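>>> have a look; sequence and predicted model below, questions after that.
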Number of protein chains: 2
Amino acid sequence: MTASNIQLTSTISEDNTLTLALQDIDMPQPATDEVVIRIEAAPLNPSDLAVLFSAADMTTATQSGTAQRPVLTADVPAQYMPSLKTRVGKATPVGNEGAGTVVAAGSSPAAQALMGKMVAVIGGGTYRQYIAANVQSCLPLKTGTTAKQGASSFVNPLTALAMVATMRAEGHKAIVHAAAASNLGQMLNRICITDGVDLVNIVRKEEQATLLREMGAKYIVNSSSETFLADLTAAIIETGATIAFDPIGGGQLTSDILNCMEAAVSRDMKEHSVYGSDTFKQVYIYGALNRGPITLNRNFGFAWGINGFLLFNALGKLGTETVVAMRQRVADEITTTFASHYTHEVSLAEVLQLQSVAGYAKQATGEKYLITAQK
Amino acid sequence: MTASNIQLTSTISEDNTLTLALQDIDMPQPATDEVVIRIEAAPLNPSDLAVLFSAADMTTATQSGTAQRPVLTADVPAQYMPSLKTRVGKATPVGNEGAGTVVAAGSSPAAQALMGKMVAVIGGGTYRQYIAANVQSCLPLKTGTTAKQGASSFVNPLTALAMVATMRAEGHKAIVHAAAASNLGQMLNRICITDGVDLVNIVRKEEQATLLREMGAKYIVNSSSETFLADLTAAIIETGATIAFDPIGGGQLTSDILNCMEAAVSRDMKEHSVYGSDTFKQVYIYGALNRGPITLNRNFGFAWGINGFLLFNALGKLGTETVVAMRQRVADEITTTFASHYTHEVSLAEVLQLQSVAGYAKQATGEKYLITAQK
């Protein structure tokens, strides 16, 4: 264990510039209920990119500094600056989760019990070499689990589990999922197969359909197909899905889903109603892959809801007992149900190279970056 | 009491034609728990127009028949016909509410108690001369209340009361209301003044602002003003409103309201969050005055909901006890808090004249039609 520690920070300055850089920081000392984790692997999730890039226009990015300490700068369009005023001038740590070995522990029994263990950790800026974390933020992984296997133990697994739990809590019986070939989508597919929940997977490319089919998915519809709306309606009729999760937002997919649900549930109505069917239809928007306007073409009656879906709010609604059970399931099934697949591994310095940015900023389905902070 | 009875019906036929006509029907006989009401006044609400016109293009309307028995026909665009299949060939009665005198009563004590009384009635196609209704659908009006005063005792009054009750039930403290100069909006304004609830009234014309100001409204913003967004944000900051009701739907007002709420609630945030504020923001869309697409420009974080709002679903959520109290309040305050203002009175035959249609189809704020079925 060396005395050096480095973290990646994202800073917006008064002159409308975003600066991404590596910063030398002190080696943390654990408080009573804390441990210090040597972060060995941390994923680049879409939610991390939102913190990393903020509102900057990354097509203007330029690289400077050295190979060991690269610096990236990019312009922030002036119209976004007012909404960022609480960020200006602050070197913001990045990284929502990661995994690694506990190398120091506070005096509490809970902290001491983790000494030397491989744990996953949530929160606090995990794109660094050593982090102090409260034991509550740590998930002990099974013996033999690697940091790479455990790096994505929170965001995607708990989001996918929260979707299924929300479906149950709100009285629906099957799920529609958009951008379904993502790492999260693949996890959701495995959970639904295991739990016997019908899942309608919406993809936009045939190879994504093939991938999911090979993973056992039964209902797959391609939004690029000319028969998309009819296909989606048919799948909703077969499954009875009245709740959907959509990470895209912009465009009219949310509207299409609600209209297909309405067509499905009203197909057997005996009496016409100007208010549409009584069956409640729900879409949760859990991301912003398309930041453009959401267009709703409202042919879905009056029994519907569209809500933002944020993991921590959803977990709050589901309650502690459910969440504790979810976390244990993740630890137990991290190499199966909750396995993540990474296509690229980058060091902290490589995260700040233009060629890496060009790759991970695309957020292409099937591509996922892992940061190996000790390299 | 004559033996003649006439009702207004709306029929869509296989050949994509809407036909509105008067139909001779039998004088009803009351069942045990029913009364027969001579309908003396019934309002033309937006929700009635949806049943009356359905999806027909009323610019194609032509009038035939006689002065006493006019017939209106109009084209239904072919693309809407599939969604109307359960209506095709059925002469659908129109009219959600009305008021009049009980002229016959079933044998039950509850029915007998209403004999000779002036009552308001909900449901069943009130655009007719005599209607049989279950006593549960009747609201006895105070002695001296006229049919014209009592004609709108359900739809607008209960909707306005349900908005305030929903605000309370869902933990909000003030309301934003769009199209606020409507009859419903004026009622909501009176309820909020009486109940001490802050209400932000959105109007689109200066004369509507003046009208509401003269009625004691404190917060009025004009969506046609260049400073609309700043004005709305300021009013939301002053009132703390985080729930809105919007009868328009199409366009971007729903989005504007959510963005102004987010600007208001996040103005004091110390820490920047890519997920926006934690304060939950809700818009209920309770009409479709604009049937065009709803455009959401999402700068309002992840803690938000947009839902359809339908009176009977809302009452179901609020529970019987609340609804019973609401109905009694309406009867007690029908000439004050729940007073409706009509600009035109038309007979059943006059409803079917092109010049009347041209008037009430506009759904202009401040204009409201009353049907006097006995004339």
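That came through, no problem.
>>> name the element residue A:201 belongs to?
Taking DSSP states H and E as the definition, residue A:201 sits inside strand A:198-203.
>>> now for the next helix or strand after that strand, which elements pack on it?
Counting by DSSP H and E, the next helix or strand C-terminal to strand A:198-203 is helix A:206-214. The contact analysis (3 or more Cβ pairs under 8 Å, 6 or more residues apart in numbering or on different chains; DSSP states H and E) places helix A:206-214 against helix A:183-195, strand A:198-203, strand A:219-222. For glycine as for every other residue, the C-beta is placed from the backbone atoms N, C-alpha and C.
>>> contacts for helix A:206-214, please.
Under the criterion Cβ atoms under 8 Å, 6 or more residues apart in numbering or on different chains, residues A:180, A:181, A:185, A:186, A:189, A:201, A:203, A:220, A:222, A:365, A:366 lie in contact with helix A:206-214.
>>> again with stretch A:245-252
The contact list for stretch A:245-252 (Cβ under 8 Å, 6+ apart) reads A:46, A:163, A:175-179, A:182, A:184, A:253-254, A:257, A:283-297, A:309, B:298.
>>> that older thread, can you tell me which of the contacts of helix A:206-214 are buried?
Buried members of those, counted by 16 or more other Cβ atoms under 10 Å in any protein chain shown: A:180, A:181, A:185, A:186, A:189, A:201, A:203, A:220, A:222, A:365.
>>> what helix or strand does the residue lying closest to residue A:193 once chain neighbours are set aside sit in?
Distances taken as Cβ to Cβ, 6 or more residues apart in numbering or on different chains place residue A:216 nearest to residue A:193, at 5.4 Å, with adjacent residues excluded. When elements are assigned from DSSP H and E, residue A:216 belongs to no helix and no strand.
>>> how far away is residue A:216 from residue A:190?
For residue A:216, the distance to residue A:190 equals 8 Å [Cβ to Cβ, to the nearest Å].
>>> next: residue A:289.
Between residue A:289 and residue A:190 the computed distance is 22 Å (Cβ to Cβ).
>>> please apply the same query to residue A:291.
29 Å.
>>> just the C-alphas of the strand holding residue A:201, formatted as PDB.
Taking C-alpha atoms only, strand A:198-203 is exported to PDB below (Å, rounded to 0.1, in the frame of the first residue of the first chain):
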ATOM      1  CA  ASP A 198     -43.100 -11.800 -18.900                       C
ATOM      2  CA  LEU A 199     -40.900  -9.100 -20.500                       C
ATOM      3  CA  VAL A 200     -41.400  -7.400 -23.800                       C
ATOM      4  CA  ASN A 201     -38.000  -6.300 -25.000                       C
ATOM      5  CA  ILE A 202     -37.900  -3.300 -27.400                       C
ATOM      6  CA  VAL A 203     -34.700  -3.100 -29.400                       C
END
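>>> that one vs helix A:206-214, what angle?
In terms of direction (axes from the mean of the first three to the mean of the last three Cα atoms, to 10 degrees), strand A:198-203 departs from helix A:206-214 by 160 degrees.
>>> can you measure across stretch A:113-125, start residue to end residue?
Start-to-end span of stretch A:113-125 (Cα to Cα, to the nearest Å) is 23 Å.
>>> what sits up against that stretch?
So stretch A:113-125 is contacted by A:7-8, A:35, A:37, A:39, A:92-102, A:104-105, A:131-133, A:135, A:137-141, A:143, A:145-147, A:150-151, A:153-155, A:331 (Cβ under 8 Å, 6+ apart).
>>> and chain B, which of those residues reach it?
By Cβ under 8 Å from any Cβ of the partner chain, the members of those lying near chain B are residue A:92.
>>> which of the contacts of stretch A:113-125 are buried?
A:7-8, A:35, A:37, A:39, A:92-102, A:104-105, A:131-133, A:135, A:137-141, A:145, A:147, A:150-151, A:153-155, A:331.
>>> of those, which belong to helices?
Counting by DSSP state H, the part of the buried ones among the contacts of stretch A:113-125 found in helices is A:147, A:150, A:155, A:331.
>>> can you pull the contacts of the last one?
When contacts are counted by Cβ under 8 Å, 6+ apart, residue A:331 touches A:120, A:139, A:140, A:141, A:142, A:153.
>>> how far away is it from residue A:140?
In terms of Cβ to Cβ, residue A:331 sits 7 Å off from residue A:140.
>>> with the first one instead?
Residue A:147 sits 13 Å away from residue A:140, taking Cβ to Cβ as the criterion.
>>> could you do the second one as well?
When Cβ to Cβ is applied, the distance between residue A:150 and residue A:140 equals 10 Å.
>>> where does the stretch 201-350 of chain A have low pLDDT?
Applying pLDDT under 70 to the stretch 201-350 of chain A flags no residue at all.
>>> near chain B, which residues of it show up?
Going by Cβ under 8 Å from any Cβ, the residues of the stretch 201-350 of chain A near chain B are A:249-250, A:255, A:269-272, A:274-275, A:278, A:286, A:288, A:291, A:293-299, A:301-310, A:313.
>>> pull out the buried residues from these.
A:249-250, A:255, A:272, A:274-275, A:278, A:286, A:288, A:293-296, A:298, A:301-310, A:313.
>>> and those, which of them are in strands?
Among these, the members falling in strands (DSSP state E) are A:249, A:250, A:293, A:294, A:295, A:296, A:304, A:305, A:306, A:307, A:308.
>>> got those as TSV, with distance to residue A:361 columns?
What follows is these, written out as TSV (distance: Cβ to Cβ, whole Å):
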residue	distance to residue A:361
A:249	18
A:250	17
A:293	22
A:294	22
A:295	25
A:296	29
A:304	34
A:305	32
A:306	27
A:307	28
A:308	23
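>>> and which of those is nearest residue B:167?
Nearest to residue B:167 out of these is residue A:305 (Cβ to Cβ; 17.0 Å).
>>> enumerate the beta-bridge partners assigned to the closest one.
residue A:282, residue B:307 (DSSP bridges).
>>> who's in contact with it?
Listed by Cβ under 8 Å, 6+ apart, the contact set of residue A:305 reads A:280, A:281, A:282, A:283, B:305, B:306, B:307, B:308.
>>> report the secondary structure state of residue A:366.
coil (DSSP: H, G, I helix; E, B strand; the rest coil).
>>> distance check, it against chain B.
24 Å (Cβ to the nearest Cβ, to the nearest Å).
>>> same deal with residue A:41?
On the measure of Cβ to the nearest Cβ, residue A:41 and chain B end up 23 Å apart.
>>> and that residue, how many neighbours?
Counted with other Cβ atoms under 10 Å in any protein chain shown, residues neighbouring residue A:41 total 25.
>>> using JSON lines, lay out the helices and strands packed on helix A:206-214 together with distance to residue A:125.
Formatted as JSON lines, the helices and strands packed on helix A:206-214 follow (distance: least, Cβ to Cβ, whole Å):
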{"stretch": "helix A:183-195", "distance to residue A:125": "21"}
{"stretch": "strand A:198-203", "distance to residue A:125": "33"}
{"stretch": "strand A:219-222", "distance to residue A:125": "37"}
